[in-house]
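Chemist: Predicted model follows, preceded by the sequence.
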Amino acid sequence: PVAILALFLSAYGNMIGRGAHFVVEGDTHYCKIWPVLVGESSLARKGTAQGRVNRVLAQVDEHWYYSCQAQGLSSGEGLIYHVRDKKIKTNKEGEEVVVDDGVIDKRLMLTEPEFAGPLTVMQRDGNTLSVVLRMAWDNATLQTLTKNSPERSTGSHITIAAHTNQEELLKHLTSAKLGGGVGNRFFFLLVRRSKLLPHGGKEDVLPEDLIDRLRA
């Protein structure tokens, strides 16, 4: 139940985008939760919880479900590319031409079934993933300052939901990452299977007006 609730709030907050928000001092905080589900492999039913949530959200916003989800965090540059702005250059005649249409819908829901992967990538020299994740959480403008192909993203709305087990988490989430501000962007939840359903369980019984209310 904890996993289902956390994944739903996380994904639905991403689906909303930069709409509903809170203002604290001079900062705007959107509905953004980055949960990490921590539980025993094959026993905590982390993936099963994800499937239950996906089934509901696919009915709410089909475009978001099929176009705004991804997995496989590997670099800061790659993350920015998936929410990049339109790129315009001036040709030899002095005319502005669009060289990259960019991404129109800046909502991006990332699911990481193995959280140890991104944590391992962050340890590599020169990898920018840690920095870009902190900027994404803070709703800042994302940018790479490479000479040949600089990418930039404004107005992005990035959410991450990850799965792991206690052993992997303790091994890879080092004090350096916690001190660097990566760990405190995530919301760590210990999840457990609540019951055995040898035949997979029945369909979720949802209120008839639930999908309409979520759309609204």
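Modeler: Perfect, thanks for sending it.
Chemist: Could you list the low-pLDDT ranges of the protein?
Modeler: Judged by pLDDT under 70, the chain has its weakly predicted residues at 42-47, 146-149, 175-180.
Chemist: those helices in it, which residues are they?
Modeler: In the chain, the segments counted as helices under DSSP state H are 2-16, 46-60, 62-67, 76-81, 116-121, 129-137, 166-172, 175-179, 210-215.
Chemist: between the first one and helix 46-60, how big is the angle?
Modeler: Spelled out, that is helix 2-16. For helix 2-16 against helix 46-60, the angle by axes from the mean of the first three to the mean of the last three Cα atoms, to 10 degrees is 30 degrees.
Chemist: Other residues contacting stretch 71-78?
Modeler: 79, 110-113, 117-118, 121, 127-133, 142, 144, 146, 151, 160 (Cβ atoms under 8 Å, 6 or more residues apart in numbering). For glycine as for every other residue, the C-beta is placed from the backbone atoms N, C-alpha and C.
Chemist: that older thread, export the helices of the chain to a markdown table and tack on mean neighbour count?
Modeler: Listed next are the helices of the chain as a markdown table, based on neighbours: other Cβ atoms under 10 Å:
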| stretch | mean neighbour count |
| --- | --- |
| helix 2-16 | 21 |
| helix 46-60 | 17 |
| helix 62-67 | 13 |
| helix 76-81 | 21 |
| helix 116-121 | 18 |
| helix 129-137 | 20 |
| helix 166-172 | 14 |
| helix 175-179 | 11 |
| helix 210-215 | 12 |
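Chemist: quick one: contacts for L133?
Modeler: 76, 79, 160, 182, 185.
Chemist: please redo it, this time with the cut-off set to 7 Å
Modeler: Shown in contact with L133 (Cβ atoms under 7 Å, 6 or more residues apart in numbering): 182, 185.
Chemist: The helices of the chain: which one's closest to I104?
Modeler: For I104, the closest of the helices of the chain is helix 62-67, at 9.8 Å, according to Cβ to Cβ.
Chemist: re earlier: right, so of the helices of the chain, which gets closest to D105?
Modeler: Of the helices of the chain, nearest to D105 by Cβ to Cβ is helix 62-67, at 6.6 Å.
Chemist: Many thanks, have a good one.
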